[in-house]
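[1] Generate coordinates for the sequence data below:
(chains A and B)
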Amino acid sequence: MEEKNQMEETITALEKKPLSRKEFLKITAVAGTALAVSNLPQTATAMPVPNKPKHRYAMVIDLARCVGCEACTVACKVEHNVPVASPKELARRIEWTEVYFKEKGDYPYVKTDLNPRPCMHCENPPCVGVCPVGATYQDKDRGLVLQRYARCIGCRYCTTACPYGARYFNWSKPDYGGKLREAALNPDPHPQLKKRYKGIVEKCTFCVERLDRLEAKAEKEDRAITDEELHLVCTCVKTCMGRARHFGDLNDPNSTVSKLARSGRAFRLLEELGTEPKVIYLKEAGNKT
Amino acid sequence: MKKLLTLLVAVMAFAFCAWVYQLQFGLGVTGMNKPVFWGVYIVSFVFFIGVSAGGIAVASLSHLAGIEKFKPISRVAEVVAIISLILAMTGIIFDLGRPDRLLNLFIYPQFSSPLIWDVFVINIYLVLCVAMLYLSIKGKTKLLKTFALISIPAFVLVHSVTAWIFGLMKSQPGWHTTILAPLFIASALVSGLALIILALIFASRFLDFDLDKETVINLGKYFKILLPILFYFLFSEFITNAYANIPSHTVVLRELFFGKFAGIFWFDMVLGIIIPFFIIISSSGKTLAGVGIVSVLSFLGVFAERVNIVVPTFYHPFLTNDRILYSYKPTWVEYALVAGLFAFGTVLFIIASKFIPLLERGRGR
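    Below you'll find the predicted structure:
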């Protein structure tokens, strides 16, 4: 009898005392998280990544600084010995990072939107799950989406699954555009990319071979990789003459990319698809048409 | 007959040369390119998976529903199903950039991929079809009934999984729709039924097959249900997209209705669905010629529909580059290989008719 009274008392007390804002938020957050986790595909945005990788390498591209010179594209092609494409075969080109041009407005108020696009190295990459042979995978420690060139069967399912168009297929035998260019090929590319095959898919790797080398060096010298060093990893970042691109570790709150990612101008492409891309763009704020 | 066989073998030989050419120079010899990653090879793969449906449908009608009329033709149906599955598998090999690594599918299967689901489901389905044909030849009716019963969920699964290869892709607005799996089943049944009728007419014309006109006309009656269902599914898909008017979806729909695919689209809608429906409900639907025409039209219509499902969405990726024009035009290699597939199927059917008694025994009532 006493117990019952006590319970009633607490219930009435709870009813009288309105839930504080903080408490309410706490409860809804817990319930919401439980709901989101119980959903089969992890599509919830702004959710903490369950197995947070050691590093979350990311790129920031400042659109206000991009002039559309496409030096990033060229540098990338040179670095990775990417074959060239003739103007006739433009739709078959391989450009690990390319600049999307979009014209808008009517004369005289016309403008071209520039949108440099490397691979987004998504945290929920749609391309990884669809590969029937597991030829593409997510690097657990660094959060990079990489390709096993030797395993790819060339079904091009990943290329259709990527909403950013960041994956490229080798339609024909690699053509380097003559002997001169062949002689000038990068002697030290990604170990798996020394010999190109026709019929496989390839994509931007955030220059993983250079990152590997840097990590090995830092480990040898028993120190952490500095932000400045990371900035020199990606060829496209290094070569960008407007300093529009930045590369770094999102897990380090003091890195350049983390600081820029917190900017009010920051946005990501096709965020509504829930892919959690790790390339962050900065809007051209204040620019009128 | 001999002339026909010579022609078919010539087409196959040409297709083989085209395939060697493609192996030598890569998929660059096709018309596929950067945004249009999949072309007629995938279309014909999906199409042949679809036409295999007819076999199971007729076989289950005769074995399970006990419709005696269809018993004599059930073996033809099973043979057609097996052949079309073989053709589908051949079609997917044409599409691979590295067909020499095909075995990777079994060495390193990744089970989160709808493509792997399809590989396994199609193989199970093929085994089921072969088992049913074998049992039907051996005359083991009781076991056959069990297999026919298992084959129905397998049938639903095969066509749904093939649809999910496309339907689960959020990156392609033209594919990402719930109706795709039911739509695939409906169009599979239409094309499958059409192919069975065409195979029966072909067998009676060129092979020693005593065709019962009544059976074919009775089979044709199913078009009366299937064509409206197919139309209904398509319509419900179009009206959902048109009314919601989400730009990424509408742009694909506009391409279908008025754009580059309008010809194929209206061919499918008018000549592939509406006209066949009116023929089959009219008095000419009760003649062999009428049913034959309906079968040809709806067969081609479903092929057109497959093209419209697979290709147009590639023309409108989320992110476009104004500097590059998107287009896809199949080259002679692709036409040759698809023609070769059809020729290969016909030759397989002729060979099968020599070794397998197509007519079920005990028909002489």
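[2] For the stretch 1-150 of chain A, list the residues in contact with chain B, please.
    Residues of the stretch 1-150 of chain A lying close to chain B (Cβ under 8 Å from any Cβ of the partner chain) are A:89-93, A:98, A:100-103, A:112, A:115, A:117, A:126, A:129-135. All C-beta spots, glycine's among them, are computed from the backbone N, C-alpha and C.
[3] switch the cut-off to 6 Å
    Taking Cβ under 6 Å from any Cβ of the partner chain as the criterion, the stretch 1-150 of chain A approaches chain B at residues A:90-92, A:100-103, A:126, A:129-134.
[4] Using the three-state scheme, assign B:Phe106.
    With DSSP: H, G, I helix; E, B strand; the rest coil as the basis, B:Phe106 sits in helix.
[5] May I have the residues that are in contact with the residue of chain A found nearest chain B?
    Per Cβ to the nearest Cβ, A:Gly154 is where chain A lies closest to chain B, at 2.0 Å. If you count contacts by Cβ atoms under 6 Å, 6 or more residues apart in numbering or on different chains, A:Gly154 has them with A:199-200, B:96-98.
[6] One more: B:Ala77?
    Counting by Cβ under 6 Å, 6+ apart, B:Ala77 has contacts B:55, B:58-59, B:196.
[7] dump the residue contacts of the closest residue to it other than its chain neighbours.
    Distances taken as Cβ to Cβ, 6 or more residues apart in numbering or on different chains place B:Val58 nearest to B:Ala77, at 3.8 Å, with adjacent residues excluded. Neighbouring residues of B:Val58 by Cβ under 6 Å, 6+ apart: B:70, B:74, B:77, B:196.
[8] now A:Pro189
    A:80-81.
[9] How about the closest residue to chain A within the stretch 1-150 of chain B, nearest residue that isn't a chain neighbour?
    Closest residue of the stretch 1-150 of chain B to chain A, Cβ to the nearest Cβ: B:Gly97 (2.0 Å). Spatial nearest neighbour of B:Gly97, excluding adjacent residues (Cβ to Cβ, 6+ apart): A:Gly154 at 2.0 Å.
[10] Ok, A:Pro277 next?
    Per Cβ to Cβ, 6+ apart, closest to A:Pro277 is A:Met120, 3.4 Å.
[11] Correct me if wrong: that neighbour contacts A:Glu276.
    No - contact criterion Cβ atoms under 6 Å: A:Met120 and A:Glu276 do not qualify, at 8.7 Å.
[12] Which one of the two is surrounded by more residues?
    A:Met120 (24 against 21; other Cβ atoms under 10 Å in any protein chain shown).
[13] Look up how far A:Ala183 lies from the more buried one.
    According to Cβ to Cβ, to the nearest Å, A:Met120 and A:Ala183 sit 34 Å apart.
[14] now swap in B:Lys354 and tell me
    Distance from B:Lys354 to A:Ala183, by Cβ to Cβ: 60 Å.
[15] what do you get for A:Pro53?
    Taking Cβ to Cβ, one finds A:Pro53 at 39 Å from A:Ala183.
[16] Among these two, which residue is more densely surrounded?
    A:Pro53 (17 against 8).
[17] Name the nearest residue to the more buried one, ignoring sequence neighbours.
    Per Cβ to Cβ, 6+ apart, closest to A:Pro53 is A:Gly143, 4.4 Å.
[18] mind checking pLDDT for that neighbour?
    pLDDT recorded at A:Gly143 is 88.
[19] residues in contact with the spatially most central residue of chain A?
    Centroid-nearest residue in chain A, with Cα atoms, centre = their mean: A:Met120, separated by 2.4 Å. A:Met120 makes contact with A:164, A:277, A:279 under the criterion Cβ under 6 Å, 6+ apart.
[20] cool, A:Gly177 as well?
    With Cβ under 6 Å, 6+ apart, A:Gly177 has these contacts: A:Val84.
[21] Surely A:Asp175 and A:Pro83 touch.
    Yes - under the criterion of Cβ under 6 Å, A:Asp175 makes contact with A:Pro83 at 5.2 Å.
[22] if I've got this straight, the residue nearest to B:Gly97 is in a helix?
    No - A:Gly154 sits outside any helix when classified using three-state DSSP, being coil.
[23] per-residue pLDDT, it?
    Listed pLDDT for A:Gly154 reads 93.
[24] Quick one: distance of stretch B:158-173 to the chain centre.
    16 Å (Cα atoms, centre = their mean, to the nearest Å).
[25] Can you give the contact residues for that stretch?
    By Cβ under 6 Å, 6+ apart, stretch B:158-173 touches A:126, A:161, A:163, A:273, B:49, B:114, B:117-118, B:121, B:125, B:175-176, B:180-181, B:184-185, B:188, B:248-249, B:252, B:313.
[26] What ranges in the stretch 151-289 of chain A fall below the confidence cut-off?
    A:192, A:194-195, A:286-289 (pLDDT under 70).
[27] likewise chain B?
    For chain B, the ranges with pLDDT under 70 are B:359-365.
[28] Recalculate using a threshold of 80.
    B:1, B:54-55, B:59-62, B:65-69, B:72, B:207-211, B:325, B:358-365 (pLDDT under 80).
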